[in-house]
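*Asks:* just a sequence and a predicted model for now, questions to come.
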Amino acid sequence: MPRNTLTREQILTAAITLLDAEGLEGLNMRALGQRLGSAATAVYWHVGSKDNLIALAGDNLWHEIALPAPDEVGWRTAATIMARDLYAMLTRHPWLLQAFGSLLMFGPGKARHDDHLLAIYETAGFAGPAADQAAAAVFTFVLGNALGTAATASLTRKLRREGSGDAEQAIGDAQAEAREIAAQFPRLRARLDTHSADYGAAPDNTFQIGLQAILDGLEALQRGPTR
């Protein structure tokens, strides 16, 4: 595709698809150009650099998160919707968590999300730094819960790149060794046949229960001490 008919939107869409499949380590301009039927130089002309492309693609993802109006649905419902949407977005695109650790990533999409998040906690009654603290408490909780999915995706790709054959089987073999170690400890042994024993996994409904607990705590803080 000639440079003058290629658009930034087309590049970002193709880049996100490639990143979802291959992660940060699998993105290169030649492969992206082939997906677009264009030369790598044409891609560079539109986005400047690989790092800038990743930053632009990452910022685009924040638009997948709904911005419910807290004065219409209530602050707690609005906060829950945004947290769930963030979790869903991060688990759909686990490479974004990788990018947070290697690139400076802040654009209009992230700014739009952050500004609305602060508005929700201001509606709840938190002001100034307290609103930032409330928003950060929920945000970092969501990031932590999405790490398991990101770690599994990253490890699976690494094993495939290294020619380990069946990546899932390799993970299973490593898990078997881990189970032997865990079996020596009574509380871990009791959980070996549960979903939480899987690599990068957590007990069912962990995210929902944890989010509810944090919002309960924030609500209690806002009400103040009871007599």
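*Replies:* Yep, it's here.

*Asks:* CA only for contacts and neighbour counts going forward, please
*Replies:* Noted.

*Asks:* pLDDT below threshold where in this protein?
*Replies:* Low-confidence segments of the chain, defined by pLDDT under 70: 1-4, 162-168, 171, 195-203, 225-227.

*Asks:* next secondary structure after the longest helix belonging to it?
*Replies:* With secondary structure taken from DSSP state H, the chain has its longest helix at helix 129-161. Beyond helix 129-161 on the C-terminal side, the first helix or strand identified by DSSP states H and E is helix 167-182.

*Asks:* starting at the chain centroid, how far to that next one?
*Replies:* Taking the mean of its C-alpha atoms, helix 167-182 sits 25 Å from the chain's own mean (CA atoms, centre = their mean, to the nearest Å).

*Asks:* who are the packing partners of it?
*Replies:* For helix 167-182, the packing partners by 3 or more CA pairs under 8 Å, 6 or more residues apart in numbering; DSSP states H and E come out as helix 129-161.

*Asks:* mind doing that once more with 10 Å?
*Replies:* Under the contact criterion of 3 or more CA pairs under 10 Å, 6 or more residues apart in numbering; DSSP states H and E, helix 167-182 touches helix 129-161, helix 186-189.

*Asks:* just the CA coordinates for the last one, please, in CSV.
*Replies:* It stands for helix 186-189. The C-alpha atoms that make up helix 186-189 are tabulated as CSV, following Å, rounded to 0.1, in the frame of the first residue of the first chain:
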residue,chain,number,x,y,z
PRO,A,186,-0.2,-28.6,54.0
ARG,A,187,-2.2,-25.6,52.9
LEU,A,188,-0.8,-25.6,49.4
ARG,A,189,-1.3,-29.4,49.1
